[in-house]
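>>> Quick one: sequence and predicted model below, then my questions.
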Amino acid sequence: MDTYITQEVTKERALLVGISSLPQLTRSVAEEYLNELELLADTAGAEVVSRVIQERKQKDPAWFLGRGKVEEMEHLIKGGLIDIVIFDDDLSPVQARNLERVFGCKVLDRTELILQIFATRAQSAQAKMQVELAQLEYLLPRLTRLWTHLSKQKGGIGTKGPGETQIETDRRLVRKRISFLKKKLRDVALQHATQTKERGEIPRVALVGYTNAGKSTLMNRLCPNTGAYAEDRLFATLDTKTRRLQLKINKVVLLSDTVGFIRKLPHRLVESFRSTLDEVLQADFLLHVIDSSHEGFEEQIRIVTETLQEIGVEHTNIINVFNKVDAVEDKEALRSLRQKYPEALFVSAKRGINLGVLKDAIGDYISRDYRLRTLRTHISNYKLIGYLYDHTEVIGKKYVDEDVILKYRAHYRNLKQIDARIAAVEKESSHVA
């Protein structure tokens, strides 16, 4: 009889730490922030076993928390129940170094945790380079933490220790790698710009929103066979995916699903993913997907708006799409939400509720950029007539003697190409005549 030994992957046991500073940050809000941090920790593969919130007016420059709270946590950690401590705020290199020495375990801040999640989620070469760049820029001022095992001699002329020498060497290597990655990402951005030009002048729509608001699920519903990865976890997808969304005959838009935003999204990540977020900058308008079932959806709306401003999105061509309406148990609250946001759309991507209304709204929105034209041509110009049927929305046809009069709508970006085709056919017809 064969015996199979299975080894379970044990999760790291995490302690979450936050600060409540009245009156700006109440304890209830701090608890809500730790709930999100717990989701991040779960996404990273940790099991949260304990949480600590300390009320402080100011963060201690050496310890982040008060010295007494640090000693209290030290006893808990050294009891063997904790493998990793995760702070909901950014730690300075000094704070992180001091805490690691006292706790004797790994200490992460929010930025480092998000960077690690992005590193495990990145699939494409571009996303991997973007994450590596953000990690190295984060790591550069913290390199001393990595070389504490090397000896350091006391100061004095000619007494520079090997530890310091190694740190300087490593800093040069990191800076060199950062420069290399920035150049590669500029090349990728240039290549991406060339590829997007080849898409023609099709209107573009980008899905934006807080992470886990349901953007990928919505895209899969609107564009069947899209294959956009969707999971009930934060940052389920990092790579921008673009698909064609057919609205009506010859009325098509390119729909892009982008990386989700989050509270305190590290600035380095925003900078690194700027080329990925170009889809947002180049979009004709945005669909802001909002999780209507989340208690803090209004703060999430604010965070997304601020992040869009940070990457340079200035236009106001945004449709608010409240998703997950099926998960809202309080129907009175949902009615109040509709009254507060009368221009918004309310859908459920999971259950397919009101998706037809959403597609119609997208069609109506891009119709603003369509122009109405009329063409009278001889019925023998069947190639030109067929071209208009293939590339425009023909809304009327009338025969007069041996001519046909076509009324059609086309996006203003395509008119130059269409007019050139008509002029070429008319010139050819005049020569034949």
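Yep, it's here. These figures come from a predicted structure and were not determined experimentally.

>>> distance of the closest residue to Asp60 other than its chain neighbours from Ile167?
Spatial nearest neighbour of Asp60, chain neighbours left out: Gly66 (6.2 Å); criterion: Cβ to Cβ, 6 or more residues apart in numbering. For the C-beta atoms, the positions are set from N, CA and C on the backbone; glycine is no exception. Gly66 sits 31 Å away from Ile167, going by Cβ to Cβ, to the nearest Å.

>>> tally of neighbours for the residue nearest to Asp60?
For Gly66, the count of nearby residues is 14 (other Cβ atoms under 10 Å).

>>> Do you know the pLDDT at it?
Model confidence at Gly66, expressed as pLDDT, equals 90.

>>> Same question for Leu143.
Note for Leu143: predicted pLDDT of 72.

>>> wait, is it part of a helix?
Yes: assessed by DSSP: H, G, I helix; E, B strand; the rest coil, Leu143 belongs to a helix.

>>> what residues are up against it?
Leu143 makes contact with Ile167, Asp170, Arg171, Val174, according to Cβ atoms under 8 Å, 6 or more residues apart in numbering.

>>> any idea which of the residues you listed is closest to Ile301?
Val174 (37.3 Å; Cβ to Cβ).

>>> Next secondary structure after the helix or strand where the closest one lies?
Following DSSP states H and E, one finds Val174 within helix 162-197. As assigned by DSSP H and E, the chain's next helix or strand after helix 162-197 is strand 204-209.

>>> low-confidence ranges in this protein?
1-9, 22, 144-166, 192-201, 226-239, 249-250, 272, 274-276, 429-433 (pLDDT under 70).

>>> The residue nearest the centre of it and Leu358, how far apart?
Geometric centre of the chain, nearest residue: Val259, 1.9 Å, by Cα atoms, centre = their mean. Separation of Val259 from Leu358 (Cβ to Cβ) stands at 21 Å.

>>> What are the boundaries of the strands in the chain?
Applying DSSP state E to the chain gives strands spanning 12-20, 46-55, 84-87, 106-108, 204-209, 241-248, 251-257, 285-291, 318-323, 345-346, 370-378, 393-400, 403-411.

>>> thinking again about what came up before, filter the contacts of Leu143 to the buried ones?
Among the contacts of Leu143, those buried by neighbour count (16 or more other Cβ atoms under 10 Å) are Ile167, Val174.

>>> Find the nearest non-adjacent residue to Gly352, please.
Leaving out its chain neighbours, the residue that sits closest to Gly352 by Cβ to Cβ, 6+ apart is Arg221, at 6.2 Å.

>>> tell me the contacts of the one you found?
Ala349, Gly352, Leu355.

>>> How about Pro266?
Thr111, Ile114, Leu115, Ala134, Tyr138.

>>> Okay, the second one and Ala206: tell me how far apart.
Note on Ile114: its distance to Ala206, by Cβ to Cβ, is 22 Å.

>>> Could you do the third one as well?
Between Leu115 and Ala206 the distance is 24 Å, computed by Cβ to Cβ.

>>> circling back to that earlier point, save the strands of the chain as TSV, and put in mean neighbour count too.
Compiled in TSV, those are given as follows (neighbours: other Cβ atoms under 10 Å):
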stretch	mean neighbour count
strand 12-20	21
strand 46-55	17
strand 84-87	24
strand 106-108	20
strand 204-209	24
strand 241-248	16
strand 251-257	23
strand 285-291	24
strand 318-323	21
strand 345-346	20
strand 370-378	15
strand 393-400	12
strand 403-411	18
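
>>> Relative to Ser216, which of these is closest?
strand 251-257 (5.6 Å).

>>> and that closest one with strand 403-411, angle?
Between the axes of strand 251-257 and strand 403-411, defined by axes from the mean of the first three to the mean of the last three Cα atoms, to 10 degrees, the angle is 20 degrees.
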